[in-house]
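Novice: Just need the structure, nothing else, for what follows:
(chains A, B and C)
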Amino acid sequence: MSRLLPLALLTSLVALPLALGSNPYLLNALITTGILTIAAMSLNLLLGFTGQLSLGHIAFFGIGAYVSALTSLGFDVEIGFGTRIVHEPWPAAVGFLLAILAAGACGYLIGRLSFRVRGAYFVIVTVSFAEVVRLVALNWVELTQGPLALTNIPVIALGAPGLGSWTLKTKLQNYYLVLAVGTLCYVIIARLVGSRFGRAMRGLKENESLALSVGINAARTLTVATVISAAMAGAAGSLYAHYLRIIDPDVFQFATTVTIVIMVVAGGKGTLMGPVVGGLIFGLLPVVLRPVMAPEAQWMIYGIVLIAILFVMPKGIVPGIAGLFARLRAARAVPVLEASPAVPR
Amino acid sequence: MSAILSVEQVGVRFGGLVAIADLHFDVREGEIVSLIGPNGAGKTTAFNVMTGFLKPSQGEVRFRGTGLTDLQPHEITRLGLARTFQRTSVFPDDTVFDNVMIGLHRQGAQSRRAPLLDALIGRAGASERRLRARAEALLDWVGLSERAGEKAGALAYGEQRLVGVALALATEPAMLLLDEPVSGMNASETQVFVSLIRQIRERGITVLLVEHDMPMVMEVSDRILVLNYGRLIAEGPPDRIRSDPAVIEAYLGQGKAARQAAAEVQEPAHA
Amino acid sequence: MDQLIQHLVNTLILGGTYALLGIGLTLIFGIMNVVNFTHGALYTVGAYVMYLAVAALGLNFFLALPVAILGGLLLGAAIELLLLRPFRGSDIDTTMLVMIGAGIVLQSGTLWIFGGVAKAIPSPFPEAPLQLGPVSVSWLRLFVLGAALALIVVTYALINRTKLGLAMRAAFQDADTAALMGVNVRLVYTATFALGSSLAAAAGALLGPVYVVFPQMGGLAELKAFAIVILGGLGNLKGAAIGGFILALAEELGAGYVSSGYRDAMGFLIIIAVLLYKPTGLFAKAERIG
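Specialist: Predicted coordinates for the structure are as follows:
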């Protein structure tokens, strides 16, 4: 069951473009949905499995986008004292890797900083961090072009020396790239959660004092989780930059963070499939809503849906449905007698 | 025998309130020692200081000669000093088996240098199998094998305590601190727990416990420390504590429940 | 030197409203353990009520201010009754998410109703600023400072001199014990959230006429309130009041001597510094553990 469902979903996602034909509008919606879903999966690693809510996840996403874009575009900036840094363009694929590293490094700093005190502090630090990064993107015009946006970002080309390269120009190619990265992230998270490290995260979330008392290093575990989570968000940001080929400081807007949070919470935080299901629903919802209502009204709907889900299915859609099935099964099964209390030998 | 744990002139103050004043005692290797005293005497505070959850305002705790003041809880556990908790002794949303697997955290650490990488490329299989076998053995040992697949939070109170003990033992401690392990247990569960404590000692683990159940304390302890108002007022084997006037006075000064406890102190253990 | 004095005067004026924002947020956190993500939206609402009352309805400026504060009070009470009361006993993350949802609804609602174009609130004060030697201050800003200080004093008196305030302080110490002693904790929560909300609305109504009013104005105000509250220690009222002035000083000096583009980044720098050197805030009391 736990392996069958993701595999079935993956198969249908691989086959989907065949069914859709090459409808560019739908394909575009699917690609951006996929990118946001990767960001949602990365957020879920923190929010769902460690219980720490990062409301600045968009910062890691945006840093990934800018690092990747600047790596592949090149830049020439003065950093003071007459020193200039000149960078010639590198391949976009290198930018993708650097985006992951840069976002992960930022995750490390934020984790080290805020996990001395947790909970509400972590939330506030991440929110503020995202705002500062946005201000830097807006004001460091020499590097980022500010509100004028970075344009003509090259597309990603895959290849190996001597084997030639394969440039991802079409939407269909980008769709499969996003699907491949998303699948990889899913597998990585699944492996982590099932490992010793995953048990440490769960232990901290469920009972921190007890987790400490069995020798789990809280600060280290949470920081590592933040690094991995931030790196994945950075990867998603890089995909975003090279797909849209234009980014501006609006990439950091709080609304995107909220979208990602809704995807995780609605789908089911702390489950592997939750952010995927939530991501698909809330990524594709605008396709349905856009023709019938203004964006503001759409946002109001999002807010209402978030509150409604917390009322009706506080654990999210995936656990909610799983619980429903479990109850149905239990209703059919014969009640089992309570076993006698355990006695040590 | 030599002291495994030394509490040296430890004091703890919260603002103006003195929770522990100048506490001083040793626990020797292989002993079962109980720390008793009326409510608010500072017993749990003392545990929190010994395990790094609270920093003492003065003095120091030494475990096998190492000062613990600057260490964090997880570092103290790694030295071989484990504890259980009074109220919440399990990871409620995980199965009993996974609880013990979480408890075996440290045991997975030494095997390889890059455990995260191992997990990612699926190379952790062998060490995982070893851990699972250990977890099964531990559950068997505390008598919870039948419950392995159940959510720990759904277990009966007494069983949750046993999970807590299994978790603490999973860290392979040299010494175990038990915080009111039998509170809320019925008489037969308590008897089972007493034999479990003895078996723990037979494994070579020193035991220090805080407990209100006087018959149980009298039965299991080699030595008893009595705390009142943050001070040690008596120390000795159960027989001597039972007739110590300062102890009786401390308990009589309190309410009805405490007087009953004092009466229990004086009764011989009904083993 | 003259420039420095001017910055200090600006600090005082800005600091008063920042303190209002911070006190409202920290009050709600301290008593209810809720991180209020509608705080910014309530700030915006306060400003728009002021705009509606003055520009659209032609109400007197000084009468419009209490109307805006009352608007925040009622809206806050409604949010508490409808959205927070049902979630009492949930963890802090859940209430935080509920508040984020409510914040989005409020902010998008404002945008939907009023559109994205910034609005100005006409003020009854003379255009020409008051000149005090090298320093110039507009009359409006002086009024803003006076009103903010008056509101801080009223809040302080409410908490320290009234029966409701006593109940709030009891709930702040320990809600369960307070309930056992006969304090109506549900009422205290509603009153607390309404009071905190009205302070946010007041800050918006006061700063709205100084700058302009637009639907996204609350987002930045909320971040600043967070910074102030971390600076003063989560749940610490005095800390929030002082924190408001410290943030205003940092912003004034940062904008004056570093770069005006990074004025709004000062809050985050403060958060970093506080977390590095005194993670529980500058004025936090030691908590008892265990």
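Novice: And the residue of the stretch 101-250 of chain B closest to chain C?
Specialist: Distance from chain C to each residue of the stretch 101-250 of chain B (Cβ to the nearest Cβ) is smallest for B:D179, at 10.2 Å. C-beta coordinates here come from the backbone N, C-alpha and C atoms, glycine included.
Novice: That residue reaches B:Q86, doesn't it?
Specialist: Yes: counting by Cβ atoms under 8 Å, B:D179 sits close enough to B:Q86 to count as a contact (4.4 Å).
Novice: more neighbours, those two?
Specialist: Taking other Cβ atoms under 10 Å in any protein chain shown, B:D179 and B:Q86 do not tie; B:D179 has more neighbours (22 against 18).
Novice: so how far is B:N48 from that one?
Specialist: Remark: distance between B:D179 and B:N48 (Cβ to Cβ, to the nearest Å) = 9 Å.
Novice: again, but for A:A211
Specialist: A:A211 is 16 Å from B:N48, by Cβ to Cβ.
Novice: and the closest residue to chain C within the stretch 51-200 of chain B, how many neighbours?
Specialist: In the stretch 51-200 of chain B, the residue found nearest to chain C is B:L54; the distance is 5.8 Å by Cβ to the nearest Cβ. Other residues within reach of B:L54, judged by other Cβ under 10 Å, total 21.
Novice: Quick one, grab the pLDDT at the closest residue to it other than its chain neighbours.
Specialist: Nearest non-adjacent residue to B:L54, counting by Cβ to Cβ, 6 or more residues apart in numbering or on different chains: B:N48, 3.9 Å away. The confidence metric pLDDT takes the value 89 at B:N48.
Novice: and B:N48, how many residues sit next to it?
Specialist: Neighbouring residues of B:N48 were enumerated by other Cβ under 10 Å; the total is 23.
Novice: now swap in A:K315 and tell me
Specialist: 17.
Novice: Next one: it from chain C, what distance?
Specialist: A:K315 is 10 Å from chain C, where distance means Cβ to the nearest Cβ, to the nearest Å.
Novice: Tell me who's in contact with that residue.
Specialist: A:268-269, A:323 (Cβ atoms under 8 Å, 6 or more residues apart in numbering or on different chains).
Novice: Could you rerun that using 7 Å?
Specialist: Applying Cβ atoms under 7 Å, 6 or more residues apart in numbering or on different chains to A:K315 gives the contacts A:G268.
Novice: From B:V61, how far out is the residue nearest to B:L54?
Specialist: Applying Cβ to Cβ, the value for B:N48 to B:V61 is 11 Å.
Novice: Please apply the same query to B:A82.
Specialist: According to Cβ to Cβ, B:A82 stands 15 Å off from B:V61.
Novice: do C:P122 as well
Specialist: 69 Å.
Novice: quick one: which of these two has more around it?
Specialist: When C:P122 and B:V61 are compared for neighbours, B:V61 comes out ahead with 23 against 11, by other Cβ under 10 Å.
Novice: Spell out the secondary structure type for that one.
Specialist: strand (DSSP: H, G, I helix; E, B strand; the rest coil).
Novice: Surely it touches B:L71?
Specialist: No: using Cβ atoms under 7 Å as the test, B:V61 is too far from B:L71 to be in contact (9.6 Å).
Novice: tell me the contacts of C:L65?
Specialist: Neighbouring residues of C:L65 by Cβ under 7 Å, 6+ apart: C:50, C:147, C:205.
Novice: if you set the cut-off to 8 Å instead, what comes out?
Specialist: C:50, C:147, C:202, C:205-206.
Novice: Could you confirm it falls within a helix?
Specialist: Yes: assessed by three-state DSSP, C:L65 belongs to a helix.
Novice: Need the pLDDT of B:E159.
Specialist: 86.
Novice: how about the helix or strand where it lies, does it reach chain A?
Specialist: Using DSSP states H and E, B:E159 falls within helix B:157-170. Yes: applying Cβ under 8 Å from any Cβ of the partner chain, one finds helix B:157-170 touching chain A at B:158-159, B:162, B:164, B:167-168, B:170.
Novice: my read: B:E150 touches B:V96, true?
Specialist: Yes: contact criterion Cβ under 8 Å: B:E150 and B:V96 qualify, at 5.8 Å.
Novice: of the two, who's got more company?
Specialist: Legend: neighbour count by other Cβ under 10 Å for B:E150 and B:V96, higher for B:V96 (29 against 15).
Novice: A:Q298 reaches A:V292, doesn't it?
Specialist: No: counting by Cβ under 8 Å, A:Q298 does not reach A:V292; the two are 9.2 Å apart.
Novice: longest helix in the chain, by residue count?
Specialist: Picked chain A for this. Secondary structure assigned by DSSP state H gives helix A:218-244 as the longest helix of chain A.
Novice: Correction: the question concerned chain C.
Specialist: Max-length helix for chain C by DSSP H is helix C:2-32.
Novice: so, in contact with chain C or not, the helix or strand encompassing A:Y121?
Specialist: Assigned by DSSP H and E, A:Y121 falls within helix A:120-139. Yes: Helix A:120-139 comes into contact with chain C (Cβ under 8 Å from any Cβ), by way of A:120-121, A:123-125, A:127-129, A:131-132, A:135-136, A:138-139.
Novice: what's the burial count for residue 153?
Specialist: Since no chain was named, I'll use chain A. Around A:I153 there are 25 residues (other Cβ under 10 Å).
Novice: nope, chain C
Specialist: Count around C:V153 with other Cβ under 10 Å applied: 10.
Novice: can you list the residues of the stretch 1-150 of chain C near chain A?
Specialist: Counting by Cβ under 8 Å from any Cβ, the stretch 1-150 of chain C comes close to chain A at C:29, C:35, C:83, C:86-87, C:90, C:92-94, C:96-98, C:100-105, C:107-109, C:111-112.
Novice: looking at it, C:I121 is touching C:M50, isn't it?
Specialist: Yes: with contacts counted by Cβ under 8 Å, C:I121 reaches C:M50, the gap being 5.7 Å.
Novice: quick one: common contacting residues for those two?
Specialist: The contact lists of C:I121 and C:M50 share C:208-209, C:213, where a contact means Cβ under 8 Å, 6+ apart.
Novice: In TSV, list those residues along with neighbour count and distance to chain B.
Specialist: Converted to TSV, these look like this (neighbours: other Cβ atoms under 10 Å in any protein chain shown; distance: Cβ to the nearest Cβ, whole Å):
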residue	neighbour count	distance to chain B
C:G208	27	43
C:P209	25	45
C:V213	25	46
